[in-house]
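A.B. asks: Output the structure for:
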Amino acid sequence: MSDKSKNGIDRRDFMIASLATVGASAALAVSADGADAEDTASAPASGTVYTGDTIEGKKVVSALDVDDLEPGQKHFLYFQGAQMPTGQSWYVSVTVAKGARPGKRGILTSGVHGDEMSNIHTVQTVMNQLDPAQMSGTVMAVTDVARPAIESMQRRWPNQGRGVDLIDMNREWPGNENGLTAPSRHAGLLFNRLLRPNADFAIDFHTGTTGFEVTAFNIGGMDVPEVKAMVELYPVGQIFDNHVYPGVLHNAFMDVGIPSFTPEIGAARVLDLEMISLFVEGTMNVLKHHGIVAGPMGRTGKDVTVFTGNSAFPILATQGGIVEHLVKLNDKVAPGQKVAIQRNSFGEVVAEYTSGVAGEITGQRSDAMSEPGNPLVFILFHKAALEGAEAYPE
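C.D. replies: Got it, this is the predicted structure:
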């Protein structure tokens, strides 16, 4: 995909500051911590470690091996994550459905971004449907990964290391237990001591972000047979066949040989119960596919019309003003088709936006007003030749 939009905006200009910051932080973490930090990040912890604390009657662990848990039961724990400036820790909620019989181990995560709610509800609903006495294998859910971001219902983690920095935790994985920021340390602790040691496959659930909603779709590398098999078990209308950003959680799993992908479930800050039901059905299909639960498959991608693309074309605002969309999510668009207009305070049209590709609408700005540089529309399309990892403006 060309980095120039139809309106001549170089989208790299909107990303360069954040990308440079991430790159500089990573370089500093490596140089500061050297081989010890590298070794810590490369080897998962083994064995369950109880801290001796309880929170609301639930035991606290700093490392977990699900093989240590009693089979045929659900277990509710807290995992001790990164420290706050006060020296207290952030704790995340861990639910483990340990089957009565041995089998595959699945991980379901949500809450990596703090303004995403439908993903949390999806994971909770799946876990509530599981009966460990009838299961083979284990399903572990971690629903509130980025606790401080969730507490304020905002996308990024408010890191306090050098004043308040807002850090996107889904660019930090697999993290570094000795990293320079709390999100990096938190990611390192969770990945090394909780997630990676207990996963044969993993699903990291998300939604759109505040001010920008998306349709129901899955993101994953369809060139990986194990991922393709899982992604196609969801009755949702779009598949983004792309490995997307470095540093996202599902790629951290993939990098250590654990098949993983990311479902995207509508708008931020709300519960979309109709859309949630599609992802619950698909996730239960995945658990059946792996032999963890028994029963007939629900609807899959074979039962709906699925559009698959490997790239997303961003349309960015060139003006400030009120945005009026001329298309809806999932609509098919053609090159040159007008997809949005923008009006100033007098009601005059100050900008018109057209598609540069043939594809389907996968995301739209939901805030009615925009300043220049905000994404207005993402169009999922098929690009003949991908050119490495693509970065998209948020």
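A.B. asks: Point me to the helix or strand that includes Y78.
C.D. replies: Secondary structure from DSSP states H and E places Y78 in strand 73-83.
A.B. asks: Low-confidence bits of the stretch 1-150 of the chain, can you list those?
C.D. replies: Applying pLDDT under 70 to the stretch 1-150 of the chain flags the ranges 1-43, 45.
A.B. asks: One more: the stretch 201-350 of the chain?
C.D. replies: For the stretch 201-350 of the chain, not a single residue meets the criterion pLDDT under 70.
A.B. asks: the strands in it, which residues?
C.D. replies: Residue ranges of the strands in the stretch 201-350 of the chain, as given by DSSP state E, counting those that start in this stretch, are 201-204, 212-214, 216-220, 238-241, 260-265, 307-309, 311-316, 321-325, 332-333, 338-343, 349-354.
A.B. asks: Could you provide these in TSV, with additional columns for distance to V231?
C.D. replies: All C-beta spots, glycine's among them, are computed from the backbone N, C-alpha and C. Shown next, in TSV, are these (distance: least, CB to CB, whole Å):
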stretch	distance to V231
strand 201-204	10
strand 212-214	16
strand 216-220	5
strand 238-241	6
strand 260-265	6
strand 307-309	9
strand 311-316	16
strand 321-325	28
strand 332-333	21
strand 338-343	27
strand 349-354	30
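A.B. asks: wait, which of the ones you listed is closest to Q160?
C.D. replies: strand 201-204 (25.4 Å; CB to CB).
A.B. asks: Check what contacts that closest one and list those residues.
C.D. replies: Under the contact criterion CB atoms under 8 Å, 6 or more residues apart in numbering, strand 201-204 has outside partners 104-110, 112, 195, 226, 230, 248-250, 253, 258-263, 283, 286, 290.
A.B. asks: ok, back up a step: the helix or strand following the strand holding Y78 pairs with which strands, parallel or anti?
C.D. replies: Downstream of strand 73-83, the next assigned helix or strand under DSSP H and E is strand 89-98. Paired strands of strand 89-98, with direction, are strand 73-83 (antiparallel), strand 136-142 (antiparallel) (DSSP bridges).
A.B. asks: Following the chain onward from the last one, which element is next?
C.D. replies: For strand 136-142, the succeeding helix or strand toward the C-terminus, using DSSP H and E, is helix 147-151.
A.B. asks: circling back to that earlier point, and the strands of the stretch 201-350 of the chain as TSV, adding distance to G99 and mean neighbour count?
C.D. replies: Shown next, in TSV, are the strands of the stretch 201-350 of the chain (distance: least, CB to CB, whole Å; neighbours: other CB atoms under 10 Å):
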stretch	distance to G99	mean neighbour count
strand 201-204	15	26
strand 212-214	33	22
strand 216-220	25	25
strand 238-241	29	23
strand 260-265	21	26
strand 307-309	33	19
strand 311-316	38	22
strand 321-325	46	18
strand 332-333	43	17
strand 338-343	48	17
strand 349-354	51	16
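A.B. asks: still on that earlier bit, hey, which of the strands paired with strand 89-98 is tucked in deepest?
C.D. replies: strand 136-142 (a mean of 23; mean count of other CB atoms under 10 Å).
A.B. asks: Please state the offset of that one from the chain centre?
C.D. replies: Relative to the chain's own centre, strand 136-142 is displaced by 19 Å; criterion: CA atoms, centre = their mean, to the nearest Å.
A.B. asks: go on, stretch 273-290?
C.D. replies: Relative to its chain's centre, stretch 273-290 lies at 16 Å (CA atoms, centre = their mean).
A.B. asks: Excluding chain neighbours, give the residue nearest to R269 in space.
C.D. replies: Leaving aside its sequence neighbours, R269 sits nearest to D115 (CB to CB, 6 or more residues apart in numbering; 5.4 Å).
A.B. asks: tally of neighbours for that neighbour?
C.D. replies: Applying other CB atoms under 10 Å, we find 21 residues neighbouring D115.
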